[in-house]
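>>> quick one, what's the 3D model for this:
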Amino acid sequence: MSFMMLIVEPIGQRAQRTPEEGHAAYDSMLQFAADLKSRGLLQDAQSLKSEKEGVKLQVRDGRQRLLDGPYAEAKEMIGGFFLLNCDTREQAIAIAAECPAAQWCTVEIRELGPCFA
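The predicted structure is shown next:
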């Protein structure tokens, strides 16, 4: 079964780190990803840039509306993801508990599947 592990971090948290702390956090996540890959559990993983560089799109009544960041109403952002191949939900949760980011973020685990289910 495939599970998406989303790294949900507080907006502004990255800016509070020193460059050295930021590199150390990123390196710990790279090592975590390499370990998952060596165990055959990782399908893909990516870090996302700050929400300030993102854009939101809505299409209503055939018209596009772009909403540039930052988004004042948001308190959290998706900082990255891991796409996992696990046997069970419990295994995905156990992997999330190993994730270094769980110490400074929230890790959301969701099984992939149709949106109508």
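>>> pLDDT weak spots in the protein?
The chain contains residues with pLDDT under 70 at 69-72.
>>> now with 50?
Within the chain, not a single segment meets pLDDT under 50.
>>> in this protein, which helix is the longest?
Determined from DSSP state H, the single longest helix within the chain is helix 19-38.
>>> mind listing the strands in the protein by residue range?
2-10, 42-47, 55-60, 63-68, 76-85, 106-111 (DSSP state E).
>>> distance to residue 17 added to the ones you listed, as a markdown table?
Just so you know, the C-beta spots here come from the backbone N, C-alpha and C atoms, and that holds for glycine as well. Shown next, in a markdown table, are the strands of the chain (distance: least, Cβ to Cβ, whole Å):
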| stretch | distance to residue 17 |
| --- | --- |
| strand 2-10 | 11 |
| strand 42-47 | 14 |
| strand 55-60 | 25 |
| strand 63-68 | 25 |
| strand 76-85 | 12 |
| strand 106-111 | 17 |
